[in-house]
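In: Turn this into a structure:
(chains A and B)
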Amino acid sequence: MSDQSPQALAEEEQRANKTELMVNDFSIQVATVNGSGSQSSNSVLMRSIFQMGIPVSGKNLFPSNIAGLPTWFTIRANKDGWIARKKEIDFLVAMNADTAREDVMALDPGRVVVYEETLRLNQLRKDLTFFPVPFAKLATGITTDSRLRKLLANMIYVGVVGELMEIDPAEMETALTKQFKGKAKAVALNKLALEAGRKFAQENLDRHLVPFRCRRMNATTGKIIIDGNSAAALGCMFAGITVATWYPITPSSSLVETLAEYMHEYRIGPDGKATFAIVQAEDELAAVGMAIGAGWAGARSMTSTAGPGISLMNEFVGLAYYGEIPVVIFDVTRVGPSTGLPTRTQQSDILAIVNCSHGDTQHIMLIPNSVSECFDMAVDAFDLTERFQTPIFVMSDLDLGMNNWMSDGFKYPTRKFDRGKVLSAEDLERLGKFERYRDVDGDGIPYRTLPGTDHPAASYFTRGSGHNEKALYSEKPEDYKNNMDRLAKKYDTARKYVPQPEVQYAKGANIGFLAFGTSHWAIIESMDQLQREFKMPISYYRLRAVPFTKDLVEYFEKHDRVYVVEQNRDGQMAGLIKLELSSELGSKIRSIRHYSGLPIDARFVTDAIVAAEAEEKGAKK
Amino acid sequence: MSTTMQPPTTTPPPPKVNRIGLNMAQYKGADSTLCAGCGHDAITASIIKAFYEYGVDPHKVAKLSGIGCSSKTPAYFLGQSHGFNGVHGRMPAIATGVMLANQQLLAVGVSGDGDTASIGMGQFVHLLRRNIPMMYIVENNGVYGLTKGQFSATADFGSKAKGGYINNLPAIDICALAIELGCNFVCRSFAGDPKQLGALLKAALGHKGTTLFDVISPCVTFNNHEGSTKSYKYAKDHEELLHEISYVPFFEQIKVDYKEGEGKDVELHDGSHIRLRKTSHDYDPTSKAQAMNMLRQCQESNEFLTGLIYVNEEKPDFLSQLHMVDAPLATLPQELTQPSPEDLKKIMSELM
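Out: The predicted model follows:
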């Protein structure tokens, strides 16, 4: 660095020249405290890389707290498009004194650390490259406002990182302007900070010591960056949602909040009036109750929540199942049980949902793996709930819902809405009679009418108590059984309508993966690792919905072992699949479970498969 | 059940009909399965009569309830209206959702004291606070009937259960609570006073916002004995009339039949009038302070106050604050609820 002797400099240069540059394949971790305003800076950093055409993903690991606790934001750039979490950190920006030591000690040798110079981190290890930066001092040069100085320090590190990795300065300015859109003063100040960081790095830090580089490529053209909650919100809007009732809960709150923003822009009629109602309820019981009331009266209604909310909604969900009322419920899953880890991710609500509420119930779950599926499945959910007159659960998770994901632009849903079997006054006049719970078509799905239908035969009485085909109160054993059997038949019919799985049979593979939701990204990267490093071909069945479809059995028949990979402790989906299969096929299930609260990564999966396969072979010998 | 009902025009010979051409029978429902003499059945009869006299169009009504004896009653009136018997204490959420989906409906909620003031308190207070346009009738007997006579949260302090034990917790006064939380039509009546109850029900049909009915409705099986404060006898002995009530519907000419200073005439949102003729009280039901004061006095003297306790026709209801299109959201066509491909393109470009 600048104060080193000429001899030391020469040595440095030699070393740097020998270092192999890792182009467009690295991870950056910014360690800071929450509430410090680093979110915008991290966004600018991620977007700059994205704008250079490099595939990128961002994951925010944050505490359940407002301000002052450790937060880590990880950006992964990968030229091959792998966007799952990467366990190893290549480039650390250490801004948080409380975690700096731990963060530095966790790095693999040869990695790079940028840090606030007063933290003196360079004394901790000899096998890392350290770059001290006087963030506080640099910020003082830009503004005298002490509150602003803290915020600007964040943009200074963006400048430093950009300079060291050769991120195009023009793209950084574009990303910054976009981030602070419409706030001229913020744009100007942040530009100064960005520039201060770049200038400091140019003059004081040796880029040649950094083995990571950004080089322009062409892999993000036409792509968008969005989080799953916003994507789901857009799906709801384009599905013609009319009523959303909700109660705030991490990590689902931003779903309805974003929905409200978009709806106020795109769903106000020419007369200035809204074609929707969004209501914040007093709790989750009321939120789902309102959505069910609205669904009963004919609206396309939705609520959005997470595990604790699902627990509270149980009774109402049973009513909607038994009374046969449409409602869409988003579960943006977080870590349970109880309050659990509200800001960490998991896939642990599978069993709590599939038989949600007391008594015999069966629910339909749609499981998106990506932001574009959040959009598509939100659209599907409203058609399915009105077709099947039963709650539809869309199973997102915190990793998908709250993190930024790169994606192709969403496709406009061109099909006509399926409003289901609803009889109008004219239909009733033609038919002469109407029985609410009769299986007229043999698919288990009855007809309904909406309150407000102007015909004397339209009315019926919905109840959560026993009822017969005419919706009259009944305790007769045959009425109860007929109704329950019809509900089971309806669930069976749904198998053909729900999103079908994506199945890839690998050539010569006798083993297969079965996974769902966000585990997908680790699975596909692991498949690549298994092939390249271990010459191990493996098939992949990506489950996209419950109830299961016919080809599940076929997939098990064609493999010796199926590794069900999921992000919960108990192998919930593996258990559910076991119930679906014969005992012979069920014995092929191998369960791999990742449940630390962090998103699953490819290396974890690969290691688990390799170890398990070695054990199988050992057992055979 | 409604499916066996004939359209009004085909019913020979023409019986007495109301202003929309329906006869009283068309406002009835299934036969009651409650105990003979139950106060709830008297309230059901009052609802049938009031809705018939007002000329409510049954297909525009949504009947809503929770769980309990009272919550069964929507099956016993307005057979041509849709009904929804939900879960215990959660009718307010259902009602709110129904009204969001279709603001042209007339929501009639029937609940009990347990369903409202015990398990349902959480949703009840938020319904009142929002001022959801609906009729909310509490059939208040102070006990749980279906589970055989346990006290509810409206049981009066010191009242005696059928099994002999004494309630030592204070009663929740539903009317005082409702006024406090911003309800703008609050009344208390008695199942055994169909004249007063009928006038109040019709007046409520003309109000925009939540109308709260606390109707003392004796449970003949579990709470009609000596020592009960919710028995027919106790109610009759302790009833304190705030005023004599009469009702003039919007479709009838108003006649002045009392002198200045003898009473108060309140014009309702639908143009109907409710006339409150003075009794021994000089009472202004448009004064919140006076209403709260009067309720407190009657609590202290163990009097059972009936009448229109508080009314305010000025306050906006919840739906008017949502600025929704006039047509029901439930049946808006796809053209109105799905933004265009250009809109999606614009949103996508902003995310690039």
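In: How is chain A divided into domains?
Out: Here the domain assignment for chain A is A:6-221, A:226-408, A:425-494, A:502-620, based on automatic domain parsing.
In: Out of these, which gets nearest to chain B?
Out: Minimum separation from chain B across these (C-beta to the nearest C-beta) falls at domain A:226-408, 2.5 Å. Glycine gets a C-beta too; all of them are placed from N, C-alpha and C.
In: ends of the closest one, how far apart?
Out: Criterion C-alpha to C-alpha, to the nearest Å; first-to-last residue distance in domain A:226-408 is 10 Å.
In: chain center to that domain: distance?
Out: 13 Å (C-alpha atoms, centre = their mean, to the nearest Å).
In: Distance of the residue of the stretch 151-300 of chain B found nearest chain A relative to residue B:99?
Out: In the stretch 151-300 of chain B, no residue comes nearer to chain A than residue B:181, which is 12.3 Å away by C-beta to the nearest C-beta. Taking C-beta to C-beta, to the nearest Å as the measure, residue B:181 falls 18 Å from residue B:99.
In: If you count surrounding residues, which of those two has more?
Out: Under the neighbour definition other C-beta atoms under 10 Å in any protein chain shown, residue B:181 and residue B:99 were set side by side, and residue B:99 has more, 28 against 18.
In: how would you label that one: helix, strand or coil?
Out: Of the three states, residue B:99 takes helix under DSSP: H, G, I helix; E, B strand; the rest coil.
In: Could you list the low-pLDDT ranges of the chain?
Out: Using chain A here. Residue ranges of chain A with pLDDT under 70: A:1-19, A:621.
In: Chain B, not that one
Out: Scanning chain B with the threshold set as pLDDT under 70 gives B:1-14, B:256-261.
In: Would you enumerate the residues in contact with residue 179?
Out: In the absence of a named chain, chain A is used. The neighbours of residue A:179, taking C-beta atoms under 8 Å, 6 or more residues apart in numbering or on different chains as the test, are A:40, A:43-44, A:47, A:190.
In: Oops, wrong one, chain B.
Out: Neighbour list for residue B:179: B:186, B:288, B:291-292, B:295, B:309-310 [criterion: C-beta under 8 Å, 6+ apart].
In: do residue A:290 as well
Out: Residue A:290 neighbours (C-beta under 8 Å, 6+ apart): A:243, A:245, A:279, A:281, A:301, A:303, B:93-94, B:96-97, B:100.
In: that older thread, wait, which of the domains of chain A is closest to residue B:230?
Out: Of all those, it is domain A:425-494 that lies closest to residue B:230, at 26.0 Å by C-beta to C-beta.
In: Now flag whichever of the contacts of residue A:290 is closest to residue A:62.
Out: Checking these against residue A:62 with C-beta to C-beta, the nearest one is residue A:303 at 24.3 Å.
In: ok, the closest one touching residue A:329?
Out: Yes: if you go by C-beta atoms under 8 Å, residue A:303 and residue A:329 touch, sitting 5.7 Å apart.
In: Give me the common contacts of these two.
Out: Residues within reach of residue A:303 and of residue A:329 at once, by C-beta under 8 Å, 6+ apart, are A:288, A:291, A:313.
In: Counting neighbours, what do you get for the closest residue to the last one other than its chain neighbours?
Out: When you say that, I think you mean residue A:313. Closest residue to residue A:313 apart from its sequence neighbours, by C-beta to C-beta, 6 or more residues apart in numbering or on different chains: residue A:288 at 4.3 Å. By the criterion of other C-beta under 10 Å, residue A:288 has 34 neighbours.
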